[in-house]
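1. Fold the stuff below for me.
(chains A and B)
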Amino acid sequence: TQLLEQSPQFLSIQEGENLTVYCNSSSVFSSLQWYRQEPGEGPVLLVTVVTGGEVKKLKRLTFQFGDARKDSSLHITAAQPGDTGLYLCAGAIRLSGNTPLVFGKGTRLSVIA
Amino acid sequence: GAVVSQHPSRVICKSGTSVKIECRSLDFQATTMFWYRQFPKKSLMLMATSNEGSKATYEQGVEKDKFLINHASLTLSTLTVTSAHPEDSSFYICSAEVLTPEQYFGPGTRLTVT
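-> Now for the predicted structure:
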């Protein structure tokens, strides 16, 4: 069974602070996605990383895929209240179609103005 | 990005009745859709993989006779919760695979069984 461990589970920070969310596994994933979910809504895809060591930036968000494709991190610079939400990492075992994603338990971020 | 819709967004039903939830891909065709269940303040739990034109693949512990999935077209998958009970109350979310393995999620359906 492939598992993705996310940490921390909860994070409450002040506006302007930086933070990092981690997603770790003992399994190798062909790709990893990060999603953000707000209450009462479905998750929204932020990024997909495929290559070991890959780094992608989305404005103030930086995503990194570990060299061995077993772990990933999400770093947010100068967090804003609008960043508040549930961040989920999800891994795919195969790059082929019809592949369910394995989800981490999520990190609930609260950014206080 | 790709748009996935769900209907209804909220439904309240009485214990013992059945409820159908629709998941549609609005601007693309999806041969594969996924159904998830999410408990309050928890992550997503995969229930089943819905394949167009064939039987769904259910995850271990999910009753296929209780959660009926039909994927009759490339843009529509339905989940029917049969003989619903209060413990079936949950947030149900579908997703569709666009560019493998990326999935785009619907907005979810809040089911409350009284």
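2. And the pLDDT at the nearest residue in space to residue A:29 that is not next to it in sequence?
-> What sits nearest to residue A:29 in space, not counting adjacent residues and going by Cβ to Cβ, 6 or more residues apart in numbering or on different chains, is residue A:91, at 3.6 Å. Where you see a C-beta, it was placed from the backbone N, CA and C, and this is true even at glycine. Per-residue pLDDT puts residue A:91 at 92.
3. which ones are touching residue A:91?
-> Contacts for residue A:91 (Cβ atoms under 8 Å, 6 or more residues apart in numbering or on different chains) come out as A:2, A:4, A:23, A:25, A:27, A:29, A:31, A:32, A:33, A:101, A:102.
4. if you set the cut-off to 7 Å instead, what comes out?
-> Neighbour list for residue A:91: A:2, A:4, A:25, A:29, A:32, A:101, A:102 [criterion: Cβ atoms under 7 Å, 6 or more residues apart in numbering or on different chains].
5. just residue B:92 next, same as before
-> B:21, B:35, B:37, B:79, B:108, B:109, B:111.
6. And the strands in chain B?
-> Along chain B, counting by DSSP state E, strands occupy B:4-7, B:10-13, B:19-25, B:32-38, B:44-51, B:57-58, B:67-73, B:76-81, B:90-97, B:103-105, B:109-113.
7. helices and strands around the last one, which ones?
-> Spelled out, it's strand B:109-113. Identification of packing neighbours for strand B:109-113 by 3 or more Cβ pairs under 7 Å, 6 or more residues apart in numbering or on different chains; DSSP states H and E yields strand B:10-13, strand B:90-97.
8. Just want the most central residue of chain B.
-> Note on chain B: the residue nearest the mean C-alpha position is residue B:35, at 3.8 Å, using Cα atoms, centre = their mean.
9. Not counting its neighbours along the chain, what's nearest residue 26?
-> I went with chain A, as the question did not name one. residue A:70 (6.7 Å).
10. other chain: chain B
-> residue B:3 is the one closest to residue B:26 (Cβ to Cβ, 6+ apart), at 4.3 Å.
11. if we can go back for a sec, just name the closest of the contacts of residue B:92 to residue B:27, please.
-> residue B:108 (19.2 Å; Cβ to Cβ).
12. one step back: now render the strands of chain B as TSV, adding mean pLDDT.
-> Formatted as TSV, these follow (pLDDT from 0 to 100):
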stretch	mean pLDDT
strand B:4-7	96
strand B:10-13	97
strand B:19-25	96
strand B:32-38	94
strand B:44-51	92
strand B:57-58	94
strand B:67-73	92
strand B:76-81	96
strand B:90-97	94
strand B:103-105	91
strand B:109-113	97
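13. which bits of chain B sit near chain A?
-> B:1, B:32, B:34, B:43-44, B:46, B:49, B:51, B:93, B:97, B:100-108 (Cβ under 7 Å from any Cβ of the partner chain).
14. before we move on, what SS does the residue nearest to residue A:29 have?
-> Here residue A:91 is recorded as strand under DSSP: H, G, I helix; E, B strand; the rest coil.
15. That one pairs with what?
-> Under the criterion DSSP bridges, residue A:91 forms beta bridges with residue A:32, residue A:102.
16. next one: residue B:96
-> Beta-bridge partners of residue B:96, as defined by DSSP bridges: residue B:33, residue B:104.
17. need the contact list for residue B:73.
-> Residue B:73 touches residue B:52, counting by Cβ under 7 Å, 6+ apart.
18. deepest of the helices and strands packed on strand B:109-113, which one?
-> strand B:90-97 (a mean of 25; mean count of other Cβ atoms under 10 Å in any protein chain shown).
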